[in-house]
Each structure stands twice: as C-alpha cells, then as structure tokens.
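**Student:** Below are the sequence and a predicted model; questions follow.
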Amino acid sequence: MATGRITKRTIDALLANSVAGFLWDEDLKGFGVKTTAHGSASYVVQYRLGGREAKSRRYTIGGHGSPWTPAMARDEAVRMLILVAQGVDPVESDKQRRREAVDLAFSNYADRFASSCKGKGWKLLVKRSLALHVKPVLRDKPLPTITRVDIVAVLDRMPEEQVGNRRNVFAVMRRLFKWAMSRGDIASGPMEGMETPPPVKPRERWLSDQELGRVWTQAPKTHRCFGPIVRLLIATGQRREEIAGLHWEELNRDQREMRLSGSRTKNGEPTTVPLNDLAVNELDQVARGETWPRRGRVFPTSAGAAFTAYHKGKTRLDKLIAADGGDPVAPWRLHDLRRTLATGFQRLGVRFEVTEAVLNHVGASRSGVAAIYQRHDWKPEKRAALDAWNDHIVNILGGLETR
C-alpha cells in the first residue's frame, strides 16, 4: 500500500506517469486518492465502524479537479473521520442529508401529503392552506429541522381576525406532521404540546321573514345563474357549492327530488332532497319549461364551467336590497340562508332529526349509536317539512305584496 503526502504535485506526477492504484496520505490515516491509467483521479476516505471485526468501508469524496482540490478533499475527509469517531456512519449520514434536501424538503413533502389526503373538501382545504400560508414560510426547510418556532411563525403571519382560517391551518399542519411520524420520516412532531387556536364563535345570524322575502324578490335581478341559486338555497337549505354545482342528472322532476352523491357533499354523505313547489318552479324557469334536460350543468357560465362569482352576485344583491325602500338590512352571508331554514323549521314545529336530515348534517341524531341503529331516511318527513317551508315563504311573499 503506497503512502505519501497527497498534494497537487504528487497527483500530477501520478497522472503523468499513468499510475493506477491508491496513494494513502501519510499524515491523515484513511484519506487517499485513487488514480487510473486513463488519467483520472478521485479522493476517497476509508474507515471501519464497529471495531477491528467490522469490515472497512470506502467512500468517494469526489473527482480531482474543480471543486475538489487536495486541501478541500482533506478537510472533507477530516469531517467524515470525526463522524466515524463519534460512531456515525458518514455514508448513511450523507444519504440522510441528501434525502432531507430533496425528499424531506417541506415543499416537496407537503405536496405528497396533500396527494394522500382523502375527501374532496379536506383535500381542497389542505392544498389551499399549504399553498397560501405554510409553504411561503417553511419553503424547502428539511422536515426534521422544523421546530415549534417555525410553526408559530406560520400562524403569526396570518391576520388575527382570520380565526377560523388559523384554526384550519393549524389542523392541516398537525395532520401533516402526524402523517410524517406514522411513516417514520420524523421521530417526533414540532406541534406536540401546542394549544389549538380558539374556535370560531358560532354565527347567530339568520334572516327575518321580511328580510328573506326581500332577498327572494331581488335575487333574479342580479345574474341569470346567481338569482336562481339564491332562491334554491332558500327553498332547499342546501350548501352553496352543492346548488351551484348541480347537474340535471341529479334532478328528477317526476319524483320531485334532488339526489347528491357523497362526492358532491361537504361531509361525504349522499343525500336526497325533496323539491317543493318553489324549487320546482325555479328549475322550470331555468330549463325554460317543464321538460328538464337530461344532462349538463344547471348553472353553467358562458364558457361552460361551474358558476363561482358569488362575491360579485352577493354585492349586487345587497345593493338592490338597500335600494328597495325597506329598512337597512344587517350584514349577512349566503350560508345564513341555511341557518334561516333551520330556524324556520323550528318555528314550524319540525322535528330536530328531520331538520338534520334535510340539511344532511351529521349531528347528535346521526352519530354514534344512532348512526348504527337508526336507519330511517326520514324521506316522508323531509318532504312534509319542505312543503311546510314552501307555504311559509309563499305567505311571506304575499305579505310583502300587500304592503
């Protein structure tokens, strides 16, 4: 085994004479250079981890030339041999370092986590939360190096008034790190022991009969899609995206029903909604007759896509209501129409279980033991409740006309 001082002059001489073999440094044990008869050289470090009985391992630092000079290669060899002295295998350490730089870089890892998520609503929330709030802060930081300070930095960057959003982002990050722990990518998560942000104070806004009548009256003047959507929200109590995303295949005029699969609902549970007279009449107007199309979107944009211009439509609706000569209306949201129906059902004496069934809400009456043993679909009761609600709205509208 040839030994000597590894310098540029020594290596140049070996290459000039086409010497093939190893030259081991006489000063730093384990540091060497391998030359070939074809005129190439590479720096190596050889070590044994675990005593004399263990096999020796050889690691290639890099080829001779830019950026590896004898001095740089020697420094790298010193670093690796220090790891060996500490009981750390530099080969495995290097693999981990490269893995952290690519596979465990937060941005890449977050994308894999988002792809693994199930449920349309949850998946959308995860992708949106990571893209808007988490990635801009954590960027490509290796997952194992992320600390609680980094998590706090993400939350502190969000406006304090976004109470619900902060809670959602917290939930997304917590689930991500639990997923990483379950896969063995990190030993522990940086969010252990952190307090969950306070919950959003439940909204209590619901529209009075007079307010509801004014919304119904002004809605058609906003937009050819938005107006009917608002009226169907009032008549059925369903969610905004569920109504705006309706396809004619989900509607049956003969049976007067709306049937939504689990992929179309927020909670993933399929639902059947009886259609009362107001809902049927509104859909007749959209279809321009009593024969409804067999397929296609009920509310397509001019480009054929799903309607999403809620903000623009709501702004227009608020202006129309403000100018209709009635009293000022307190701020409200489209989702408040759903709460208005639930409140109206209570006033009409509708059973709580029926209200939850109409809203497709998994509450106390549809969870736990009740969910296992209570299999009644409340179909007749739902139709009766929505018909009673239909009559209530008609009475409201009649009262407005007599004013």
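**Tutor:** Yep, it's here.
**Student:** Give the ranges of residues in the stretch 201-350 of the chain that sit below the confidence cut-off.
**Tutor:** Residues of the stretch 201-350 of the chain that meet the criterion pLDDT under 70 lie in 202.
**Student:** for it, what spans make up the strands?
**Tutor:** Assigned by DSSP state E, counting those that start in this stretch, the strands in the stretch 201-350 of the chain fall at 251-252, 257-260, 271-274.
**Student:** of all those strands, which lies closest to residue 23?
**Tutor:** Relative to residue 23, the nearest member of the strands of the stretch 201-350 of the chain by C-beta to C-beta is strand 257-260, separated by 75.3 Å. No exception for glycine: its C-beta is placed from N, CA and C like everyone else's.
**Student:** Note down every partner strand of that closest one and its orientation.
**Tutor:** Strand 257-260 has the following sheet partners, assigned by DSSP bridges: strand 251-252 (antiparallel), strand 271-274 (antiparallel).
**Student:** Switch these over to TSV; also include mean neighbour count and distance to residue 209.
**Tutor:** Conversion of the strands paired with strand 257-260 to TSV gives the following (neighbours: other C-beta atoms under 10 Å; distance: least, C-beta to C-beta, whole Å):
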stretch	mean neighbour count	distance to residue 209
strand 251-252	18	28
strand 271-274	21	22
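**Student:** okay if I get the ones you listed as CSV plus distance to residue 106?
**Tutor:** Putting those into CSV (distance: least, C-beta to C-beta, whole Å) gives the following:
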stretch, distance to residue 106
strand 251-252, 44
strand 271-274, 38
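**Student:** what's the closest of the ones you listed to residue 54?
**Tutor:** Nearest to residue 54 among those is strand 271-274; the distance by C-beta to C-beta comes to 64.9 Å.
**Student:** out of the strands paired with strand 257-260, nearest to residue 19?
**Tutor:** Distances from residue 19 to each of the strands paired with strand 257-260 were compared using C-beta to C-beta; the shortest belongs to strand 271-274, at 80.4 Å.
**Student:** Please identify which of the strands of the stretch 201-350 of the chain is closest to residue 93.
**Tutor:** Comparing the strands of the stretch 201-350 of the chain by C-beta to C-beta, strand 257-260 comes nearest, at 53.6 Å.
**Student:** what about the residue nearest to residue 381 when sequence neighbours are not counted, neighbour count?
**Tutor:** For residue 381, ignoring the flanking residues on the chain, the nearest one in space by C-beta to C-beta, 6 or more residues apart in numbering is residue 354 at 4.5 Å. Residue crowding around residue 354 was assessed by other C-beta atoms under 10 Å; the count is 19.
**Student:** Could you check how far residue 354 is from residue 261?
**Tutor:** Using C-beta to C-beta, to the nearest Å, one obtains 22 Å as the distance from residue 354 to residue 261.
**Student:** can you give me the mean pLDDT across stretch 131-151?
**Tutor:** Computed over stretch 131-151, the mean pLDDT rounds to 94.
**Student:** ends of that stretch, how far apart?
**Tutor:** For stretch 131-151, the first-to-last residue distance is 15 Å (C-alpha to C-alpha, to the nearest Å).
**Student:** List the buried residues in the host helix or strand of residue 22.
**Tutor:** Assigned by DSSP states H and E, residue 22 falls within strand 21-25. For strand 21-25, burial by neighbour count (16 or more other C-beta atoms under 10 Å) applies to 23, 24, 25.
**Student:** now swap in stretch 177-186 and tell me
**Tutor:** For stretch 177-186, the neighbour count (16+ other C-beta under 10 Å) marks 177, 179, 180, 185, 186 as buried.
**Student:** how close does the first one get to residue 157?
**Tutor:** Right, the one you point to is residue 177. The value you get for residue 177 to residue 157, if C-beta to C-beta is used, is 18 Å.
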